[in-house]
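Engineer: Show me the folded form of this:
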Amino acid sequence: MAMPAASAMVAGAAFANAYAANQMGKAAAINQQTAYLTQARDTLAIAEVKAETSNQYAMLQAGRTLLRSEMEALNYKIAGNTLLKNLRRSNAAIRARAAANGVAFGEGSMLALQGENVGATMRDVGIADLNALTAQVLGFEDATAMLQSTEFQNYLSTFAAQRQAGGLEAAAATTRRYGGLMADVQLAGAALQLYRTT
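Structural biologist: Coordinates of the predicted model:
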């Protein structure tokens, strides 16, 4: 049984509106998909830039740490050399005073005094050398720990960014797949109504 022409026109207009809504829903889904994909790409790019910048900064800091430890070690070595110079001066002064007073500086109490000076100075020089080595080792350990920590942090940050990008890509695929689903249902309903009226 055919419906009047006015009903057919209304059904046709409803179908046209449903079709327009369907196309707009699909376009909106494509736009949303594009936004998700762009956000996923940007998330990964930003993570890579941050990791690279963090690496460069860590390498600079590690270099400064090594340089500082080398300077500290050098200062300890200079202190050790200064101790040795002072030892030579001190023992030379002891020998000069002994010789000026007619005392044999190569034996007895003068020799013992010089030996005490040498022993005390060598202990101090040994400590200075140990301090120099310790400064170098600790500087190397600090620089290494700094680089390893940065590398691990960059790994975690990049992994998190990859997970976030993966979620955004999944959301993009879902949006595209199901975008306009309701519009498709409305279009099917409008098509059915148009079919019934014609």
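Engineer: packing partners for the longest helix seen in the chain?
Structural biologist: Across the chain, the longest stretch assigned as helix under DSSP state H is helix 5-100. If contacts are counted by 3 or more Cβ pairs under 8 Å, 6 or more residues apart in numbering; DSSP states H and E, helix 5-100 sits against helix 108-178, helix 181-197. The way it works is simple: take the backbone N, C-alpha and C, and place the C-beta from them, glycine included.
Engineer: just so I know, which of these lies nearest residue 75?
Structural biologist: Counting by Cβ to Cβ, residue 75 lies closest to helix 108-178 out of those; the figure is 8.1 Å.
Engineer: Averaged pLDDT, that closest one. What do you get?
Structural biologist: Average pLDDT, helix 108-178: 93.
Engineer: Please report how far the residue lying closest to residue 57 once chain neighbours are set aside lies from residue 137.
Structural biologist: Nearest residue to residue 57 in three dimensions, chain neighbours excluded: residue 150, at 7.8 Å (Cβ to Cβ, 6 or more residues apart in numbering). Counting by Cβ to Cβ, to the nearest Å, the gap between residue 150 and residue 137 amounts to 21 Å.
Engineer: In terms of packing, which of the two has more residues around it?
Structural biologist: For residue 150 versus residue 137, the count of surrounding residues by other Cβ atoms under 10 Å is larger for residue 150: 19 against 12.
Engineer: Confirm for me that that one is in contact with residue 60.
Structural biologist: No. In this structure, residue 150 is not within contact of residue 60 by Cβ atoms under 8 Å, at 10.9 Å.
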